[in-house]
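Peer 1: the following comprises the amino acid sequence and a computationally predicted model.
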Amino acid sequence: MKTKEKSKEELAKEYYGEEARKYEEKRVEDIRSAYVVKRQEEITKKFLNQKYDAILDVACGTGRFFKLYSGKVYGIDISEDMLKQARKKKPFFLKKADAEKIPFKDEMFDIVNTSQFIKHTPNYEKVIKEMTRVAKKGGKLIIDFPNKFSITNPLTKLRIKKGILRNYNFFSFKDIKRIARENNLIIEEVEPTVVISPMFFPRYLLSFSISLNKFLTKLFPKLTYVYYVKFKKK
C-alpha cells in the first residue's frame, strides 16, 4: 500500500517535460474530451460572476483557466515545467509551491479556484484548509469533486486498479457538506458536469451525447460525474 507522500511524489512527477508542453493540446485533441474541458470552463466562468480584485489558482498547471480571470491573478503549481507554460500567457504572479503550504498571507484573495486537482492529491484536506486560510472573509472557493455515486465509478476504479490512474478521491454530497462545515464554509452553488462521459460515445454522436447529458443532469443531478462547488467563507 502506497503512502500518501509516495502517491503525492508520483503525481508531481507526471507533469514535467513533454507532458507539460503538450498538456493543453492533449486535452482537446479529441472533440469529446474537448467538450468536457469546455464544460469545466463554462461552470468556472458562471461561478466567477462577481467583481473581485485578486484571484488565486491552486495547482494552476499551464494556466488554462487564466483567460477566464480578471483583476490580479496569482497561481501556484508544484511543477516548474507547467509554470513555464503558464508564464507564456501573461505576466501573472506565479510561484512554484506545494498546495499544502500556500505561500501567501491569510485572507489575501477574493476567490481561490482549483480544478482537476482535489481528485488526485492524497492530502486534499490540507489543501482545502490552506485555500480557506488565504481566502478573505466572504471570499469564494471553487472546487470540483468527483462524485462517489457516479454511474461511471466502476470504470474509474478499474483504471485505478490497472494503474492508469494514481491516487483518486471520491466524494458524496454528504462529504462535501462535511468539508464545508469543517472549514467554516457555506455552499453557495453546485453545478453538475456530465452524467455519461462523451468518451463512451463515438465522435459522430457528440451532439447527441451533449443533448443527452443536459437532459440527464437536470433529471438526475446526483449522478453527475463531478460536482463543481462554489463555497463562501464565513
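Peer 2: Good, I have the coordinates. Numbers count the residues shown, from 1 in each chain.

Peer 1: C-terminal to the longest strand seen in the chain, what's the next element?
Peer 2: As assigned by DSSP state E, the longest strand anywhere in the chain is strand 135-146. Following strand 135-146 in sequence order, the next helix or strand is helix 153-161 (DSSP states H and E).

Peer 1: work out the gap between that next one and the centre of the chain.
Peer 2: When C-alpha coordinates are averaged (Cα atoms, centre = their mean, to the nearest Å), helix 153-161 and its chain have centres 19 Å apart.

Peer 1: what are the buried residues along that helix?
Peer 2: Thr156 (16 or more other Cβ atoms under 10 Å). For the C-beta atoms, the positions are set from N, CA and C on the backbone; glycine is no exception.

Peer 1: could you export the helix ranked longest in the chain as PDB, CA atoms only?
Peer 2: Assignment by DSSP state H gives helix 31-47 as the longest helix of the chain. Provided in PDB are the C-alpha atoms of helix 31-47 (Å, rounded to 0.1, in the frame of the first residue of the first chain):
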ATOM      1  CA  ILE A  31     -13.600  16.600 -29.700                       C
ATOM      2  CA  ARG A  32     -15.200  14.600 -26.900                       C
ATOM      3  CA  SER A  33     -12.600  15.400 -24.300                       C
ATOM      4  CA  ALA A  34     -12.600  19.000 -25.700                       C
ATOM      5  CA  TYR A  35     -16.300  19.200 -24.800                       C
ATOM      6  CA  VAL A  36     -15.500  18.200 -21.200                       C
ATOM      7  CA  VAL A  37     -12.900  20.900 -21.000                       C
ATOM      8  CA  LYS A  38     -15.400  23.400 -22.400                       C
ATOM      9  CA  ARG A  39     -17.900  22.300 -19.800                       C
ATOM     10  CA  GLN A  40     -15.400  22.900 -16.900                       C
ATOM     11  CA  GLU A  41     -14.700  26.300 -18.300                       C
ATOM     12  CA  GLU A  42     -18.400  27.200 -18.600                       C
ATOM     13  CA  ILE A  43     -19.000  26.300 -15.000                       C
ATOM     14  CA  THR A  44     -16.000  28.200 -13.700                       C
ATOM     15  CA  LYS A  45     -17.000  31.200 -15.700                       C
ATOM     16  CA  LYS A  46     -20.500  31.000 -14.300                       C
ATOM     17  CA  PHE A  47     -19.100  30.900 -10.700                       C
END
